[in-house]
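# Have a look at this fold, sequence not included:
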């Protein structure tokens, strides 16, 4: 069975050539601004900012853009002050718990559009706390399991990783949020190529999704992730890897 990491890997491969770089940079800059505003402009003492900056670097966002976003977040920029973090909780097709992290300057608009996305795909938006209990903030690093073995990931354990597991053909390395950078650095120094490294809300249990609900669920997740105000989407689904591959190429 496979979950969010496997689906993310498939989407990266599928969208590598047609990704809208401008829209992606806008989302990344907004995340940097909010992280800098809430935790200060020094990535060394602000794990959320360090993560946002690293994601921007991984996306090849220009250094000047990153520095401007940090300056906006720590300064008196009116646009940065207007942006707030909002978390939406709900259930998707098959009873899958979904957390949606948004950065918005209009929570009424964003909330209405997120609710519409859930309803249109056969899901339902819930009350605060309805699914959050199933998720914990963790650092998650993914590595191609076709290229590396579990032994290759031992430097991650030595650097403080909590667990290493396989999700389809993807290794997931789980860390405490504060250990994410150190574990990533340890793997890279050992010559292991990282697919992704992110602070995420990690599900404590997963829901196996019936075959007739998988398409609806993936459409909902993609709709949410493509929304301009959505910064991250987390879900606790289990779906067969072959089914995910088939849907991605359909």
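All right, it came through fine. The structure presented is a predicted model; accordingly, all values stated were derived computationally and were not measured. Residues are numbered from 1 along each chain as shown.

# which stretches of the chain form helices?
Secondary structure of the chain by DSSP state H: the helices cover 4-15, 21-39, 47-58, 63-74, 78-82, 107-120, 154-158, 180-189, 211-226, 241-249.

# nearest to residue 95, of those?
For the helices of the chain, distance to residue 95 was read as Cβ to Cβ. The smallest value, 8.7 Å, belongs to helix 211-226. Bear in mind the C-beta positions are built from the backbone N, C-alpha and C, glycine included.

# Any buried residues in that closest one, and which?
213-221, 223-224 (16 or more other Cβ atoms under 10 Å).

# likewise stretch 65-72?
Of the residues in stretch 65-72, those buried under the neighbour-count criterion (16+ other Cβ under 10 Å) are 66, 69-70, 72.

# rewinding a little: redo the buried residues of helix 211-226 as JSON lines? Include pLDDT.
Supplementary listing: the buried residues of helix 211-226 in JSON lines, determined by pLDDT from 0 to 100:
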{"residue": "213", "pLDDT": "90"}
{"residue": "214", "pLDDT": "87"}
{"residue": "215", "pLDDT": "87"}
{"residue": "216", "pLDDT": "91"}
{"residue": "217", "pLDDT": "91"}
{"residue": "218", "pLDDT": "87"}
{"residue": "219", "pLDDT": "90"}
{"residue": "220", "pLDDT": "93"}
{"residue": "221", "pLDDT": "90"}
{"residue": "223", "pLDDT": "92"}
{"residue": "224", "pLDDT": "93"}
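
# if we take the residues you listed, which one ends up nearest to residue 100?
Within those, proximity to residue 100 (Cβ to Cβ) peaks at residue 224, which comes in at 5.6 Å.

# so what's residue 134 closest to, chain neighbours aside?
Once its chain neighbours are removed from consideration, residue 134 has its nearest residue in residue 97; the separation is 5.1 Å (Cβ to Cβ, 6 or more residues apart in numbering).
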